[in-house]
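> After the sequence you'll find the predicted model.
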Amino acid sequence: MSALADRLAARTLELVDIASESRHEAEIAAYVEDAVGEPTWRDGETLWYAETLGDRPLVVLAGHLDTVPAQDNIPGRLTGDAVEGLGASDMKGGVAVMIEIARAWLEQPGSRELDLNLLFFPREELPASESALPLFFDTVSGIHDAELAILLEPTDNTIQAGCLGNLNALITFHGVSGHSARPWMAENAIEKALEGLAPYAAIEPRPVEIGGLTFTEVASITQIEAGIATNVIPDRAVANVNFRYAPDRSPSSADAYLRSLLPEGATYEHAGDSPPARVVTDSPLVQRLRAAGDLALEPKQAWTNVADFTSRGIDAVNFGPGATRYAHRRDEQVEIKALERAYASLWSFLTGTV
């Protein structure tokens, strides 16, 4: 392996070995500060590094520090061609790339065509209500000068633009409870749910082309809860419908669409929504990044924090070394050559050199 590959692998392994489940990111934030230096702005475990000259396009590299809960996969290990362990793919490999680029950027300023800022933040793996980003966007004015934010989420070293919205709705079916030996004296909410959920189950995947990329809009019934006892006809059944809607819909139109399918007698509760991201394939900086690493351009068939940026007028894409197929798995891992390729692509993009 090259010296760069060795550094990236070692850095990733060190990060993996720091437990940083969501809400417990203090130790890894301290590690980042020790490796990169004192941040320009800090709030808890959110670290912002800003150094701009003001006369060139500003690019922000961003990544989260937390992981999902461990699955007996910490500490990590080197396997020869990969780093294995909790968060290796999502997204400590990406954080390692960010750290190494930050250190090289300070040591080798060269002829800079772009300005570079970095953002490390906690609690990405939790619901949006616990996100650290709204406070950051409201407090740090410099982020709004960015012309492109690159989030180093796992993308298999492709550029993934846009993202689907993520709407959850609770559909409640009402009946009358009673003895299961005399069901004709009751109204079975489960039976109503089986019939009433049919329109939601029948929603077909909808391909939508935006900016030359095809997103697939889908709806799924992801949870259902009902039942009082084995000998009681239930009077209530609640189902969760998860709607991953395409960027051509607004949050209000997505909500209205699900409401339009509500059967008579059922009730609808909006249970949370993360709007989709604007698709920025026409951005000159995205095209520059694509050319720098000869990178494929794909749609983001999920929701990510790019939407937090684009909703505030900041162009943003996902690009990172992690393998999507390994994210959140017990055998989570990132290939060392993928780390090296991500670094080389970003360095070439930022500096105009190989």
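Yes, it's here. Residues are numbered from 1 along each chain as shown.

> Which helix or strand contains the residue nearest to Asp17 when sequence neighbours are not counted?
Sequence neighbours aside, Pro75 is the residue nearest to Asp17 in space, at 4.6 Å (criterion: Cβ to Cβ, 6 or more residues apart in numbering). All C-beta spots, glycine's among them, are computed from the backbone N, C-alpha and C. Per DSSP states H and E, Pro75 falls between elements, in no helix or strand.

> residue boundaries of the helices in the stretch 101-250 of the chain?
Ranges of helices in the stretch 101-250 of the chain, per DSSP state H, counting those that start in this stretch, are 133-139, 189-196, 198-201.

> Out of those, which one sits most buried?
Counting by mean count of other Cβ atoms under 10 Å, helix 189-196 has the highest mean neighbour count of the helices of the stretch 101-250 of the chain, with a mean of 18.

> got a list of contacts for that helix?
171, 173-175, 224, 226-227, 234-237, 239, 263, 265-266 (Cβ atoms under 8 Å, 6 or more residues apart in numbering).

> So which of those wins on neighbours?
Highest neighbour count within the contacts of helix 189-196: Phe173, with 27 neighbours (other Cβ atoms under 10 Å).

> surely it meets Ala237?
Yes: counting by Cβ atoms under 8 Å, Phe173 does reach Ala237; the two are 4.6 Å apart.

> number of nearby residues for Glu217?
Per other Cβ under 10 Å, the neighbour tally for Glu217 reads 23.

> can you tell me how far Gly352 sits from Leu114?
When distance is defined by Cβ to Cβ, to the nearest Å, Gly352 is 9 Å away from Leu114.

> So for those two, which sits in the more crowded spot?
Leu114 (17 against 14).

> How about the contacts made by the more buried one?
So Leu114 contacts 56-59, 349-350 (Cβ under 8 Å, 6+ apart).

> and the gap between it and Glu51?
Here Leu114 is placed at a distance of 12 Å from Glu51 (Cβ to Cβ).

> Throw the helices of the stretch 101-250 of the chain into TSV and include mean pLDDT and distance to Pro69, thanks.
Shown next, in TSV, are the helices of the stretch 101-250 of the chain (pLDDT from 0 to 100; distance: least, Cβ to Cβ, whole Å):
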stretch	mean pLDDT	distance to Pro69
helix 133-139	97	22
helix 189-196	98	31
helix 198-201	98	30
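
> Met91 belongs to a helix?
Yes: checked against DSSP: H, G, I helix; E, B strand; the rest coil, Met91 lies within a helix.

> show me the contacts for it.
Met91 makes contact with 63-64, 152-154, 320, 322, according to Cβ under 8 Å, 6+ apart.

> Buried residues of the helix or strand Asp255 falls within, list them for me.
With elements taken from DSSP H and E, the one containing Asp255 is helix 251-260. By 16 or more other Cβ atoms under 10 Å, the buried positions in helix 251-260 come out as 254-255, 257-258.

> any idea of the pLDDT on Val354?
pLDDT for Val354: 53.

> which stretches of the protein aren't confidently modelled?
Applying pLDDT under 70 to the chain picks out residues 52-54, 108-111, 354.

> top strand in it by residue count?
In the chain, with assignment by DSSP state E, the single longest strand is strand 213-226.

> what packs against it?
Applying 3 or more Cβ pairs under 8 Å, 6 or more residues apart in numbering; DSSP states H and E, we find strand 213-226 packed against helix 189-196, helix 198-201, strand 206-210, strand 236-245, strand 297-299.

> Just send the ones you listed back as TSV, with distance to Asp81 too.
Formatted as TSV, these follow (distance: least, Cβ to Cβ, whole Å):
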stretch	distance to Asp81
helix 189-196	49
helix 198-201	43
strand 206-210	36
strand 236-245	34
strand 297-299	24
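
> Relative to Gly212, how far out is Leu350?
Look at Leu350 and Gly212: by Cβ to Cβ, they are 25 Å apart.

> More neighbours: the two, which one.
Leu350 (23 against 11).

> tell me the domain ranges of this structure?
3-162+277-351, 165-274 (automatic domain parsing).

> Show me how far the shortest one is from its chain's centre.
In this view, domain 165-274 has its centroid 25 Å away from the chain centroid, taken as Cα atoms, centre = their mean, to the nearest Å.
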